[in-house]
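Visitor: sequence? don't have it. structure:
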Ligand code: EPU
């Protein structure tokens with residue numbers, strides 16, 4: 001079947017920041033075969049291409065002068081051994097639906113990652129993480145379509161070179177790989193992961209369902225609902241700084257939180273830095289620093305991409321002046337050709 005295409009497509013439905021943007025064309029792919037046909041279509045060969053799952057980590061700074069490919073490859077397969085459940089998941093599956101379903105099937109392990117917006121295919125690209133667990137803790141393999149070799153390639157978790165919100169898909173394979181499936185391993189010897197601050201009160205008696213409920217509650221209380229206020233979750237990464245700089249900041253701010261981050265380094269919460277810099281609620285036009293969680297920038301109504309990027313720059317400059325730390329965006333900021341719009 002030919003892939004159906006929409007020209008001059010409105011992207012409102014396909015990203016969560018709520019800015020008004022269009023793309024030159026848009027196609028929906030639901031199989032590796034339709035993905036292959038899309039890449040082989042002569043008219044589209046020269047166009048920049050952007051793979052979109054839930055569009056929950058994107059900021060378009062202008063209309064996209066290329067082809068948006070909505071990845072809707074579905075499928076959930078389960079196998080098991082005495083020791084573990086193995087899940088093979090299509091990249092277009094909604095991440096939270098998979099988490100919820102896995103618990104209904106009595107396969108615990110994904111509960112800490114509840115309510116993360118987006119799709120399964122985006123999960124390894126970003127190495128999504130929350131409340132003490134990262135995708136890399138559970139990932140067995142990632143299958144991707146290699147646009148140059150025109151074949152599906154399987155990478156082991158190790159080959160994915162996962163780091164904090166990093167993977168080979170943002171590095172060497174950038175622009176070349178389209179994730180088509182993800183393999184997860186959920187060990188049957190399940191143990192609660194409640195070490196992360198707000199989950200600690202659940203204690204060792206927590207079960208997967210109570211952790212899932214708590215994570216959903218915490219996220220809903222802090223993170224704005226994109227249906228009400230456009231946003232793309234954490235706008236910046238939590239910076240990793242030297243122990244020396246940390247000690248210097250700690251002298252003035254003894255209450256600064258931190259997490260271990262390898263030898264002689266610490267990770268500090270960007271939300272805390274932005275909050276203490278007095279920027280909560282700061283606005284430029286309709287773009288604002290969220291009042292409950294300073295790490296999130298929100299579109300309060302009709303924010304333009306310029307207003308959002310100006311606000312982001314103001315945040316970066318203010319934090320840099322006050323703490324000597326350069327924040328980096330976590331959101332993918334795109335220009336018309338799909339390059340870095342920042
Ligand atoms: N904090 C403040 N003020 C704020 C925000 C945070 O003081 O406005 C303090 C909090 O009190 C806490 C610390 O900063 O002591 C950390 O805050 P929080 O637990 O809310 O987590 P985060 O570091 O801001 C990260 C991830 C989130 C993830 C949460 C929970 C990044 C960039 N963000 O946020 O991931 O849900 O931890 O694990 O790593 C995302 O990536 O889009 C995302 C939402």
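Guide: That came in fine, so what should we check first? Since the model is a prediction, treat every value here as computed from it, not as a measurement.
Visitor: Do any residues in the longest helix anywhere in the chain lie close to the ligand?
Guide: Longest helix in the chain, counting residues (DSSP state H): helix 305-323. No: using CB under 6 Å from any ligand atom, helix 305-323 stays clear of the ligand, with a minimum separation of 11.7 Å. Quick note: C-beta positions are derived from backbone N, CA and C, even for glycine.
Visitor: cool, stretch 262-276 as well?
Guide: Yes: counting by CB under 6 Å from any ligand atom, the ligand is contacted by stretch 262-276 at 269, 271, 272, 275.
Visitor: Give me the distance between that stretch and the centre of its chain.
Guide: 19 Å (CA atoms, centre = their mean, to the nearest Å).
Visitor: Can you point out the buried residues in that stretch?
Guide: 266, 267, 268, 269, 270, 271, 272, 273, 274, 275, 276 (16 or more other CB atoms under 10 Å).
Visitor: Could you give the average pLDDT over that stretch?
Guide: The average pLDDT within stretch 262-276 is 97.
Visitor: So for it, first residue to last residue, what's the gap.
Guide: Chord length of stretch 262-276, first to last residue, is 25 Å (CA to CA, to the nearest Å).
Visitor: do the same with stretch 70-82
Guide: Rule used - CA to CA; the end-to-end distance of stretch 70-82 is 37 Å.
Visitor: if we can go back for a sec, packing partners of the longest helix of the chain?
Guide: strand 58-60, helix 270-276, strand 283-284, strand 287-289, strand 296-299 (3 or more CB pairs under 8 Å, 6 or more residues apart in numbering; DSSP states H and E).
Visitor: The last one - which strands sit beside it in the sheet, and in what orientation?
Guide: Each strand that strand 296-299 pairs with, and the sense of that pairing, follows from DSSP bridges: strand 230-234 (antiparallel), strand 287-289 (antiparallel).
Visitor: Indicate which one of the ones you listed is closest to residue 74.
Guide: strand 230-234 (23.5 Å; CB to CB).
Visitor: hmm, the closest one touching the ligand?
Guide: Yes: counting by CB under 6 Å from any ligand atom, the ligand is contacted by strand 230-234 at 233, 234.
Visitor: residues in contact with whatever helix or strand comes next after that strand?
Guide: Using DSSP states H and E, the helix or strand that follows strand 230-234 in sequence is strand 240-242. For strand 240-242, contacts defined as CB atoms under 8 Å, 6 or more residues apart in numbering pick out 164, 261, 262, 264, 265, 266, 267, 268, 325.
Visitor: of those, closest to the ligand?
Guide: residue 164 (7.2 Å; CB to the nearest ligand atom).
Visitor: quick one: contacts for that closest one?
Guide: Here residue 164 is in contact with 127, 129, 134, 237, 238, 240, 261, 267 (criterion: CB under 8 Å, 6+ apart).
Visitor: what's the answer for residue 196, then?
Guide: Residue 196 touches 112, 131, 132, counting by CB under 8 Å, 6+ apart.
Visitor: switch the cut-off to 10 Å
Guide: Applying CB atoms under 10 Å, 6 or more residues apart in numbering to residue 196 gives the contacts 112, 130, 131, 132, 133, 215, 218, 259.
Visitor: for residue 197, same thing?
Guide: Residue 197 sits in contact with 131, 132, 218, 257, where contact means CB under 10 Å, 6+ apart.
Visitor: tell me which residues in whatever helix or strand residue 67 lives in are buried?
Guide: Secondary structure assignment for residue 67, by DSSP H and E: strand 64-71. Buried residues in strand 64-71, counted by 16+ other CB under 10 Å: 64, 66, 67, 68, 69, 70, 71.
Visitor: next structured bit after it?
Guide: Later in the chain than strand 64-71, the nearest helix or strand by DSSP H and E is strand 76-80.
Visitor: Partner strands of that next one and their direction?
Guide: Strand 76-80 is paired, per DSSP bridges, with strand 84-90 (antiparallel).
Visitor: Quick check: of the buried residues of stretch 262-276, which lies closest to residue 320?
Guide: Out of the buried residues of stretch 262-276, the member with the shortest distance to residue 320 (by CB to CB) is residue 273, at 10.0 Å.
Visitor: Please list all residues in contact with that closest one.
Guide: Residue 273 makes contact with 236, 238-239, 249, 253, 256, 279, 294-295, 315, 318-320, 322-323, 325, 327, according to CB under 10 Å, 6+ apart.
Visitor: Please name the residues that touch the residue in the stretch 101-250 of the chain that the ligand sits nearest to.
Guide: Nearest residue of the stretch 101-250 of the chain to the ligand, counting by CB to the nearest ligand atom: residue 233, 2.7 Å away. Residues in contact with residue 233, defined by CB under 10 Å, 6+ apart, are 16, 56-57, 116-118, 126, 128, 130, 219, 223-224, 226, 293, 295-297, 330-331.
Visitor: Where helices are concerned, which of the residues you listed count?
Guide: 126, 219.
Visitor: Pull out the buried members of the contacts of residue 233.
Guide: 16, 56-57, 116-118, 126, 128, 130, 219, 223-224, 226, 293, 295-297, 330-331.
Visitor: need the residues of the stretch 1-150 of the chain near the ligand, please.
Guide: Residues of the stretch 1-150 of the chain lying near the ligand (CB under 6 Å from any ligand atom): 130, 131.
Visitor: Name the spans of the stretch 1-150 of the chain whose pLDDT lies under the cut-off.
Guide: For the stretch 1-150 of the chain, applying pLDDT under 70 flags the ranges 1-2.
Visitor: go again using 80 as the cut-off
Guide: 1-3 (pLDDT under 80).
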